[in-house]
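Colleague: Sequence below, structure please.
(chains A and B)
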Number of protein chains: 2
Amino acid sequence: MNDDVVGIGLLGCGTVGGALVELLAAESATIAARTGLTLEIRRVAVRDVAAAAARVPSLDRSVFTNDAAAVVADPAIDVVVEVMGGIDPARELVLAALAAHKPVVTANKALLASHGPELHAAAAAARVDLLFEAAVAGGIPLVRPLRESLLGEPIRRVMGIVNGTTNYILTRMAEQGVSYDEALVEAQELGYAEADPTADVGGADAAAKAAILATIAFGVDVHVDDVATEGITGISAADIAFAHRNGYVVKLLAIAETDPGDPGRRVAVRVHPALIDHDHPLASVRLSFNAVFVEGEAVGQLMFYGPGAGGGPTASAVLGDLIDAASNRLQGSSASLGVLAPVEIVPLDELRCGYYLNVQVTDEPGVLAAVAGAFGSNGVSIRSMVQEGQGDAAGLAFITHVARESDLRATIAELDGLDAVRRIGSVIRLVGEES
Amino acid sequence: MNDDVVGIGLLGCGTVGGALVELLAAESATIAARTGLTLEIRRVAVRDVAAAAARVPSLDRSVFTNDAAAVVADPAIDVVVEVMGGIDPARELVLAALAAHKPVVTANKALLASHGPELHAAAAAARVDLLFEAAVAGGIPLVRPLRESLLGEPIRRVMGIVNGTTNYILTRMAEQGVSYDEALVEAQELGYAEADPTADVGGADAAAKAAILATIAFGVDVHVDDVATEGITGISAADIAFAHRNGYVVKLLAIAETDPGDPGRRVAVRVHPALIDHDHPLASVRLSFNAVFVEGEAVGQLMFYGPGAGGGPTASAVLGDLIDAASNRLQGSSASLGVLAPVEIVPLDELRCGYYLNVQVTDEPGVLAAVAGAFGSNGVSIRSMVQEGQGDAAGLAFITHVARESDLRATIAELDGLDAVRRIGSVIRLVGEES
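Modeller: A predicted model of the protein is given here:
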């Protein structure tokens, strides 16, 4: 057997796995010419062998099995590719592969965001690769640039549009003026959103990616539960129209940043809708595209843009990792994150930024003074205010100067107690203009 | 001596070299913590030792020398960083370092674009790294993603805004309506443009980067002389205003693409101003920023955005390569491009795209028919035409359907021979709408 033939075991063969099989078949000659490697898919673990074999006719039926543990243990398998998703049994299978000194390529963001440290430590102990380019921002080469190209760069902040479903919804609301509900139905019809869209629109999907981004950007242990998370379900057409009139765009951002007072030991990680200036590079990221904006002290501002999901793009990212893992294995090298440093998570209360608030009040004398007083008594300074009459009620849209989150929360509590305040609508943070 | 202490020899210590020394000093603790590597700048070759030592006081004066060859040959030097620029003596020094099995990190685009194959072959023969992230698009991590992450991806086209000076000029012309000359003076005052701006505005700088982009995207041997090059000196305020009214932006693009009929064996490489749709991700790349847009069959569309020049960003890219080279050296691995495959360059005449033309004609009966006839007789179909009267003359702005470059050239020659045509103004290709 030629040493440069690498046996691949595939765990899962859905959209991504199927696309990987095709891509590998089409590109194997080029890969061999450029690297000397022959990547051979030898076994594929699936739930339903007959269905998978029918869907992927280019692989011999004997390759398919429903015994995933046997694929991992098979001595003919040199590298394991996990594209089955979910935590169980993916976690056990990945750990078993690493324990057997087999490099693992995974696209599983949920697994990494909840069990990352355990997996990275296992890879480091076994001195084999655990690669996961496809787990964040789909097809965008991001993990390798952050881990390798920018390893020496003092990164201060990473901000990403990492959920295509919500970006599609926000784009359609902004550009076509459709309502949130209409845009969501469109996204479902196009296959961008699940029948139950909670994980997307509620921010949980973005939170898992935020945890992974923080881990790779800062080399620290961040768990999905550390991520302060808000989704887009409260965003109204009026908020988006207000943003547009004032030169902003509303985007759902995953943000990971170091504490400037103590970089390296304190990290803030959050997911929430944000107003960003329409000239900001993230503002022009439309529809279901993803992008990650990186700010470093030496390099300045970088952005990585591309498709965040889909079989082809995800398979492309998996294939890049697969070639890397196979080639490292032959060279006897590896590139794991190792044991992640513990880190203190900065509480959201310490955040300092500008805020947009929409407050519905009764339209009568003295109301504005009372409302403005609630800001003033909590030390929150108003940058601009627009009043729009609505029958016997009025809508007030505020933008504040940079304030502390805890002060803003106190302001909202005080506003909520005023008789004249009917409802506090959206509260959206301004990003890119912090002090 | 600890094996993980790596001796660095720096050739050149101008803006980039100086920034690298500072960055390395600030980040060495982090780098050591994450990689176990201590990177030590042991010798620095400069023309004027006294001036360099005064400018970089953090290095001991004894580190500086004006004997670059001695730095390369010094057994205490494990990795050579070439940031001196120019072809001679950079070429000899890099070859000498590679021949001595010392990895080389270079930021020298001119050297790579004119002697790339020789250098890559020398690195492959010596089995050491030749890394050059900083040579294209400054601080943007681009070379590593293209070479590694996308190694298995069938890339069809790479299009970049790779010259910050011209992008600054075009942005100011478009957004503030200043003239080309005014914008150029501004760029010079800001330090973006040289006193002699020919290499930037004439396209030569972008052409060198286009050659390198083609080489890494397709793994083939492309020389700067293979690049069909046009600069921005002919672009007028009227062209930019027309583009804006019609939903386009004018950008100077470096484009490398495979021939769809024969990918892998025929490559087209060119630099020219282009009209791109205002929704295209490249359209929102403003001022002196760079961006490279990559189209792959599996991954779809990617874009890498960031600062294309400057000491800090370039030093950041050099440092990423340096860590990689040092760590590969300890692991005994390397990642050179190897021997580049020869490739046929597709002649510009075979290009097929839409065109914008500005034609000044005398304003009299029958002229439009004669002008339209010149398009028709050469098989070029007009998509839209706008006439703007100007005293006894009229300006005609055409956009054609997709046509062959050779047919467009024949049309221009025929137009040029018409009595009614006073002047052919700009001819700008439309990019992103090819058939």
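
Colleague: Chain B contacts on the stretch 301-435 of chain A?
Modeller: By the rule CB under 8 Å from any CB of the partner chain, the part of the stretch 301-435 of chain A lying against chain B is A:301-307, A:310, A:312-313, A:315-317, A:319-320, A:322-324, A:328, A:331-333. Any C-beta I mention is one placed from the backbone N, CA and C, and that applies to glycine too.

Colleague: Now restrict those to buried residues only.
Modeller: Burial of those was assessed by neighbour count (16 or more other CB atoms under 10 Å in any protein chain shown); the buried members are A:301-307, A:310, A:312-313, A:315-317, A:319-320, A:322-324, A:328, A:333.

Colleague: what packs against the helix or strand where A:A69 lies?
Modeller: Using DSSP states H and E, A:A69 sits in helix A:68-73. Using 3 or more CB pairs under 8 Å, 6 or more residues apart in numbering or on different chains; DSSP states H and E as the contact criterion, the secondary-structure elements in contact with helix A:68-73 are strand A:5-11, strand A:38-45, helix A:90-99.

Colleague: Could you give the average pLDDT over that helix?
Modeller: Within the predicted structure, the mean pLDDT of helix A:68-73 is 98.

Colleague: any idea which helix or strand comes after it?
Modeller: With elements assigned by DSSP H and E, the helix or strand that comes after helix A:68-73 is strand A:79-82.

Colleague: That following strand near chain B anywhere?
Modeller: No - counting by CB under 8 Å from any CB, chain B has no neighbours in strand A:79-82; the shortest distance is 12.9 Å.

Colleague: partners of that strand in the sheet?
Modeller: Note on strand A:79-82: by DSSP bridges, its sheet partners are strand A:5-11 (parallel), strand A:104-106 (parallel).

Colleague: Identify, out of those strands, the most deeply packed stretch.
Modeller: When neighbours are counted by mean count of other CB atoms under 10 Å in any protein chain shown, the highest per-stretch mean among the strands paired with strand A:79-82 falls to strand A:104-106, a mean of 29.

Colleague: on that earlier part again, if you look at the buried ones among the residues of the stretch 301-435 of chain A next to chain B, which of them are in helices?
Modeller: A:G312, A:P313, A:A315, A:S316, A:A317, A:L319, A:G320, A:L322, A:I323, A:D324, A:N328 (DSSP state H).

Colleague: separation between the last one and A:I216?
Modeller: Which is A:N328. Per CB to CB, to the nearest Å, A:N328 is found 18 Å from A:I216.

Colleague: got it, and the fourth one?
Modeller: From A:S316 over to A:I216 the distance is 19 Å, taken as CB to CB.

Colleague: Contacts for stretch A:114-126 next, please.
Modeller: A:87, A:91, A:94-95, A:98-99, A:101, A:104, A:111-112, A:129-130, A:208, A:211-212, A:215, A:221-224, A:334, A:336-340 (CB atoms under 8 Å, 6 or more residues apart in numbering or on different chains).

Colleague: Revised request: answer the last question for stretch A:169-184.
Modeller: Among residues not part of stretch A:169-184, those counted as contacts by CB under 8 Å, 6+ apart are A:168, A:186-187, A:193, A:197, A:201, A:232-233, A:235-237, A:240-241, A:243-244, A:249-252, A:273, A:286-287.

Colleague: Weed out the non-buried ones from these.
Modeller: Buried, going by 16+ other CB under 10 Å: A:168, A:186-187, A:193, A:197, A:201, A:232, A:235, A:240, A:243, A:249-252, A:273, A:286-287, out of those.

Colleague: That concludes my questions; thank you for your assistance.
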